[in-house]
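Asker: Provided below are the primary sequence and the corresponding predicted coordinates.
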Amino acid sequence: MKTLHANLSKEFLSHRKDADWHNDTLWFLRKKRDYAKDQLREWEQLRQAASEIKRHTLSRLPHYLEKFEQQASQNGMKVKWAWDGQEVNVLVTKILRENNVTSVVKSKSMLTEECGLNHHLEKQGFEVVDTDLGERIVQLRQEQPSHIVVPAVHLRKEEVGKTFHQFLNTEVGNSDPSYLAEEARNSLRRDFIKAEAAVTGVNFGIATNGSVVVCTNEGNADLGVHSKKVIIHCMGIEKILPGLKELSVFTRLLARSAVGQPITIYTSHYKNPRQYTKEYIIIVNNLRTEIYKDEGFREALKCIRCGACMNTCPVYRRSGGHSYHHTVPGPIGSVLAPFYNKEKNKDLPFASTLCGSCNHVCPVKIDLAGLLYKWRQKLTKETSQAVEKTLGFKASTELLKNKTVYKMAGKCARLKISSFVLKSSYNPWNKGRKFTDLPKETFREWYKRSNHEE
Ligand code: SF4
């Protein structure tokens, strides 16, 4: 039996060297994270504080959102609400049309990925350029990001060189990272000058002063916001924090957890629109209230999208982000995905070893392994199951229930022909594993032979 995730992983793993490189690259980030957290003696206290702040904020979410809206509006921001992805797309289109805008520069935002904003805007005739380098690479290749922090981590520099040669006319065969970065910079500068509006994601929304905080390492969000007269910030409802004091806990955790940096290079607070500019904040739900309503899974909304759970996950590292067939991959993506489509994404909570490494690194202490386990139980009851799996479990139940049948099955398995089948490629468990030789005698036989009584 093959799930969609397993099939997509197979394709990824068929390029063995690239798959090994992917694994090593992410493990390198995980080690950097470990080193960075070891520099702070108060790391565990910070994690605890972050977890409690998030839990508190979620318990009063409507209150903080209303406060945020009120403060931001007072500051001169135009605050809008969007119920779902479609409404976000329609709102952004409307704002751009009202302001006679035809081209947009966008900084990285998983929320707008989730809503399919680029696709929608392009269909409506707008030109959209992603300005985060990794996002730009995947945009040129018409791919989805494979990681929420490093969107092009599935690509090696040679592939980037080829892509840039094709779309940016760089030298053929030149994959020197400095050269490619310089060419990307030149091309993006032209896009920044040309565009008439900027769209950004939001890392944190501050309820007490109504500001939005955007973290980037390339300063691309700032270039857009500071050079355009129409600016749109798209913020998920879960991004809200009570105040700046609480924010300080998260800015210390975010970059360290993500890539082992002490802080994100550009941590910008946007509070008041400049003169003659229009600055919008769209507060987006898109099924977050469904997660919020479900107390068993509510803590998934604590996520600050640092990507640490992906960097450490042995399944993510070896199967690649695209195998998750959902905007957010890895452990947290697998917890969120069934809320968006239970039937289609029912395989994702099973794409985990449940080793708990994700719990160990999560800066807001989400019990990811526990939530994945909870989903497995729910999805088995609530979605259609593969016939092979259902029959397999029924047969094993009968087998394990009955001592005589169990003994006979053991004997049969030891026969040459069945042992051959068990070790052959007809047995799906043998894919990527080696079936061990069955012992010549059973435990019971050995027990008897060793002069013990049965
Ligand atoms: S679940 Fe935790 S570790 Fe994973 S991205 Fe979210 S905050 Fe980071």
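Answerer: Yes, it's here. Residues are numbered from 1 along each chain as shown.

Asker: which element is Phe393 on?
Answerer: helix 387-401 (DSSP states H and E).

Asker: oh, I was asking about Val79
Answerer: Using DSSP H and E, Val79 sits within strand 78-82.

Asker: That strand: which residues count as buried?
Answerer: Neighbour-count burial for strand 78-82, with 16 or more other C-beta atoms under 10 Å as criterion, is recorded at 79-80, 82. For the C-beta atoms, the positions are set from N, CA and C on the backbone; glycine is no exception.

Asker: Centre-most residue in this structure?
Answerer: Note on the chain: the residue nearest the mean C-alpha position is Val328, at 3.1 Å, using C-alpha atoms, centre = their mean.

Asker: Touching, it and Gln144? I think so.
Answerer: No. The pair Val328 / Gln144 is not scored as a contact, 10.6 Å apart, by C-beta atoms under 8 Å.

Asker: Point out the other elements, helices or strands, that the worst-scoring helix or strand of the chain on mean pLDDT touches.
Answerer: Within the chain, no helix or strand scores below helix 416-423, which has a mean of 78 by mean pLDDT, DSSP states H and E. Applying 3 or more C-beta pairs under 8 Å, 6 or more residues apart in numbering; DSSP states H and E, we find helix 416-423 packed against helix 403-414.

Asker: quick one: buried residues of the longest helix along the chain?
Answerer: Longest helix of the chain, by residue count under DSSP state H: helix 16-38. Buried residues in helix 16-38, counted by 16+ other C-beta under 10 Å: 18-19, 22-23, 25-26, 29-30, 32-33, 36-37.

Asker: again with stretch 430-448
Answerer: If you call a residue buried by 16+ other C-beta under 10 Å, then stretch 430-448 has these buried ones: Thr442.

Asker: residues from the protein in reach of the ligand?
Answerer: Contacts of the chain with the ligand, taken as C-beta under 6 Å from any ligand atom, map to 257, 303-309, 332, 361-364, 366, 368.

Asker: let's see it at 5 Å
Answerer: Contact residues (C-beta under 5 Å from any ligand atom) of the chain with the ligand: 303-304, 306, 308-309, 332, 362, 366.

Asker: Highest neighbour count among those residues?
Answerer: In terms of neighbours by other C-beta atoms under 10 Å, the residues of the chain next to the ligand top out with Ala308 at 30 neighbours.

Asker: how about that residue, what does it touch?
Answerer: Ala308 sits next to 30, 33, 257-258, 358, 361-363 when contact means C-beta atoms under 8 Å, 6 or more residues apart in numbering.

Asker: ok, now with 10 Å
Answerer: With contacts defined as C-beta atoms under 10 Å, 6 or more residues apart in numbering, Ala308 is in contact with 29-30, 33, 37, 149, 253-254, 256-260, 330-332, 357-358, 360-363.

Asker: Out of the buried residues of helix 16-38, which comes closest to Gly201?
Answerer: Here the nearest of the buried residues of helix 16-38 to Gly201, counting by C-beta to C-beta, is Leu29; it sits at 20.5 Å.

Asker: Looking at per-residue confidence, what score does that closest one get?
Answerer: Listed pLDDT for Leu29 reads 98.

Asker: Go ahead and confirm it touches Cys313.
Answerer: No. Contact criterion C-beta atoms under 10 Å: Leu29 and Cys313 do not qualify, at 11.8 Å.

Asker: And the helices in the stretch 1-150 of the chain?
Answerer: 4-13, 16-38, 43-59, 61-74, 85-98, 110-115, 117-123, 133-140 (DSSP state H, counting those that start in this stretch).

Asker: okay, these in a markdown table with distance to Asn174 next?
Answerer: Output for the helices of the stretch 1-150 of the chain, formatted as a markdown table (distance: least, C-beta to C-beta, whole Å):
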| stretch | distance to Asn174 |
| --- | --- |
| helix 4-13 | 27 |
| helix 16-38 | 20 |
| helix 43-59 | 42 |
| helix 61-74 | 46 |
| helix 85-98 | 36 |
| helix 110-115 | 30 |
| helix 117-123 | 28 |
| helix 133-140 | 15 |
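
Asker: By mean pLDDT, show me the worst of those helices.
Answerer: Lowest mean pLDDT of these: helix 4-13, a mean of 92.

Asker: got the angle between that helix and helix 16-38?
Answerer: Taking axes from the mean of the first three to the mean of the last three C-alpha atoms, to 10 degrees, one finds that helix 4-13 is oriented at 100 degrees with respect to helix 16-38.

Asker: Give me the contact list for helix 4-13.
Answerer: Applying C-beta under 10 Å, 6+ apart, the set of residues contacting helix 4-13 from outside is 2-3, 18-20, 22, 146, 154, 315, 318-326, 329, 334, 344-348, 350-351, 428, 431-432.

Asker: Helix or strand: which one has the closest residue to Lys239 other than its chain neighbours?
Answerer: Distances taken as C-beta to C-beta, 6 or more residues apart in numbering put Gly205 closest to Lys239, at 5.0 Å, once the chain neighbours are dropped. Here Gly205 sits within strand 204-206, counting by DSSP H and E.

Asker: Could I have the CA atoms of whichever helix or strand comes after that strand written out in CSV?
Answerer: Going down the chain from strand 204-206, the next helix or strand is strand 211-216, by DSSP H and E. Listed next in CSV are the C-alpha coordinates belonging to strand 211-216 (Å, rounded to 0.1, in the frame of the first residue of the first chain):
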residue,chain,number,x,y,z
SER,A,211,2.2,47.5,15.0
VAL,A,212,3.2,44.6,12.8
VAL,A,213,6.6,43.1,13.1
VAL,A,214,8.2,41.6,10.0
CYS,A,215,11.4,39.5,10.2
THR,A,216,13.7,39.0,7.1
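
Asker: okay, and the common contacts of Val328 and Gln144?
Answerer: Residues touching both Val328 and Gln144 by C-beta under 10 Å, 6+ apart: 113, 321.

Asker: For Thr277, which non-adjacent residue is spatially closest?
Answerer: Using C-beta to C-beta, 6+ apart, the closest residue to Thr277 is Lys229 (4.8 Å).

Asker: And Asn345, how close does it get to the ligand?
Answerer: Asn345 sits 17 Å away from the ligand, going by C-beta to the nearest ligand atom, to the nearest Å.

Asker: for Leu244, same thing?
Answerer: With distances taken as C-beta to the nearest ligand atom, Leu244 is found 20 Å from the ligand.

Asker: Count the neighbours of the nearest residue in space to that residue that is not next to it in sequence for me.
Answerer: With sequence-adjacent residues excluded and distances taken as C-beta to C-beta, 6+ apart, Leu244 is closest to Ile206, at 6.1 Å. Residues lying near Ile206 (other C-beta under 10 Å) number 24.
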